[in-house]
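Enquirer: For reference, the sequence and a predicted model appear below.
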Amino acid sequence: MLELKTFLAGMVTLQKVFVDWKFDIKDETQVKIWYAAFRNLTDDQFKWLIKEYYTNNDTPPKCIKNLTDILVNRTISLAKIKPEKALDFTREVISSHGGWEYEGRAEIYADLKKYPPLYQTVKEFESTIRNMNANDTYTADRFRKSYEENLRKYATEYTNNKLGLALPENKNKSLPNSLPYEE
């Protein structure tokens, strides 16, 4: 857990690096809000985060998300399957189970469940992958972009959960735009 003194020292560092930053270290509410966002990090992780921010940015953080995005990007960089290799990896898994036929589909998805963003992408593209030409660059590019989006979404959820920033599950399982009555 992040020590308050380490947190405050990091914020002072950001104030020194970004002289126009509006963070007020004497504002108890502001300090509590920002500290709450990072309290689940270790001291070393927070120090790394601060250094990573000021060495790669020329403007001060405008909000907490500017710092949490660094953690999301770090999570993405550690992904075992890189976006440019995702389709090739998927094809290898499919071929290792003899293709989609002969009940290979269940085994393919069982293997892919270890990689939730890729699993989601393959589910979205299953019929396309079954029918695509091995050299179809348009589909391969769409697959890569979809995987990148799913990877970012997963990394953001993972980071927010680790930091304790995730919103509680919505108990109402209906879609946000659905009507509570029939027309």
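Expert: Happy to help now that I have it.
Enquirer: which residues sit in contact with Y119?
Expert: Y109, L112, K113 (CB atoms under 8 Å, 6 or more residues apart in numbering). (Glycine included, C-beta is placed from N, CA and C.)
Enquirer: For it, what are phi and psi?
Expert: phi -50, psi -50 (degrees, to the nearest 10).
Enquirer: Quickly note the distance from it to F125.
Expert: Distance, Y119 to F125, using CB to CB, to the nearest Å: 11 Å.
Enquirer: now swap in K85 and tell me
Expert: Distance from K85 to F125, by CB to CB: 16 Å.
Enquirer: For the two, indicate the residue with more neighbours.
Expert: F125 (18 against 13; other CB atoms under 10 Å).
Enquirer: any idea which element that one lies in?
Expert: helix 116-131 (DSSP states H and E).
Enquirer: Give me the distance from that helix to the chain's centre.
Expert: Remark: helix 116-131 is offset 19 Å from the chain centroid, using CA atoms, centre = their mean, to the nearest Å.
Enquirer: quick one: whichever helix or strand comes after it to helix 116-131, angle?
Expert: Once the chain leaves helix 116-131, the next helix or strand it forms, by DSSP H and E, is helix 137-163. Angle, helix 137-163 to helix 116-131, by axes from the mean of the first three to the mean of the last three CA atoms, to 10 degrees: 160 degrees.
Enquirer: Does anything pack onto helix 137-163? Which helices or strands?
Expert: helix 64-77, helix 86-96, helix 116-131 (3 or more CB pairs under 8 Å, 6 or more residues apart in numbering; DSSP states H and E).
Enquirer: give me every residue that touches Q30.
Expert: Per CB under 8 Å, 6+ apart, neighbours of Q30: F23, D24.
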